[in-house]
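**Student:** all I have is the shape, not the residue letters:
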């Protein structure tokens, strides 16, 4: 089966987050790597996004002490990751 590559816009719609949120996750190293095409468009493998999203589902929300609940970031209620996960349920 061939890899399916999706645009940032598609990922934004899938997760229900803004472009700036995805850019921040990428800068912080908390998001799958994108491929840049010669025309300047960025795409990411859909399976990588799904795997990344599913990895968040296996973690509990952060504690009051601020302990991290997932790969790189806590999923505090109201955070972009938390909202994205709730959106997908």
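**Tutor:** That came in fine, so what should we check first? Note that this is a predicted model, so its numbers are computed, not measured.
**Student:** how many neighbours does residue 27 have?
**Tutor:** Residue 27 has 9 neighbours, counted by other CB atoms under 10 Å. Where you see a C-beta, it was placed from the backbone N, CA and C, and this is true even at glycine.
**Student:** tell me the pLDDT of it.
**Tutor:** According to the prediction, residue 27 has pLDDT 91.
**Student:** same check on residue 45?
**Tutor:** 93.
**Student:** can I assume it is in contact with residue 3?
**Tutor:** Yes: taking contacts as CB atoms under 8 Å, residue 45 lies within contact range of residue 3: 5.4 Å.
**Student:** quick one: which of those two has more around it?
**Tutor:** Using other CB under 10 Å, the more surrounded residue of residue 45 and residue 3 is residue 45, with 16 against 9.
**Student:** name the single longest helix found in this protein.
**Tutor:** Longest helix in the chain, counting residues (DSSP state H): helix 46-57.
**Student:** if you count neighbours, what's buried in it?
**Tutor:** Within helix 46-57, the residues that qualify as buried are 46, 48, 49, 52, 53, 56, counting by 16 or more other CB atoms under 10 Å.
**Student:** quick check, residue 24 in a helix?
**Tutor:** Yes: checked against DSSP: H, G, I helix; E, B strand; the rest coil, residue 24 lies within a helix.
**Student:** that one and residue 3: what is the separation?
**Tutor:** 25 Å (CB to CB, to the nearest Å).
**Student:** strands of this protein, start to end?
**Tutor:** 5-7, 35-36, 42-45 (DSSP state E).
**Student:** mind listing what the closest residue to residue 11 other than its chain neighbours touches?
**Tutor:** Excluding its sequence neighbours, the residue lying closest to residue 11 (CB to CB, 6 or more residues apart in numbering) is residue 49, at 5.8 Å. Contacts of residue 49 were listed using CB atoms under 8 Å, 6 or more residues apart in numbering, and they are 6, 11, 14, 32.
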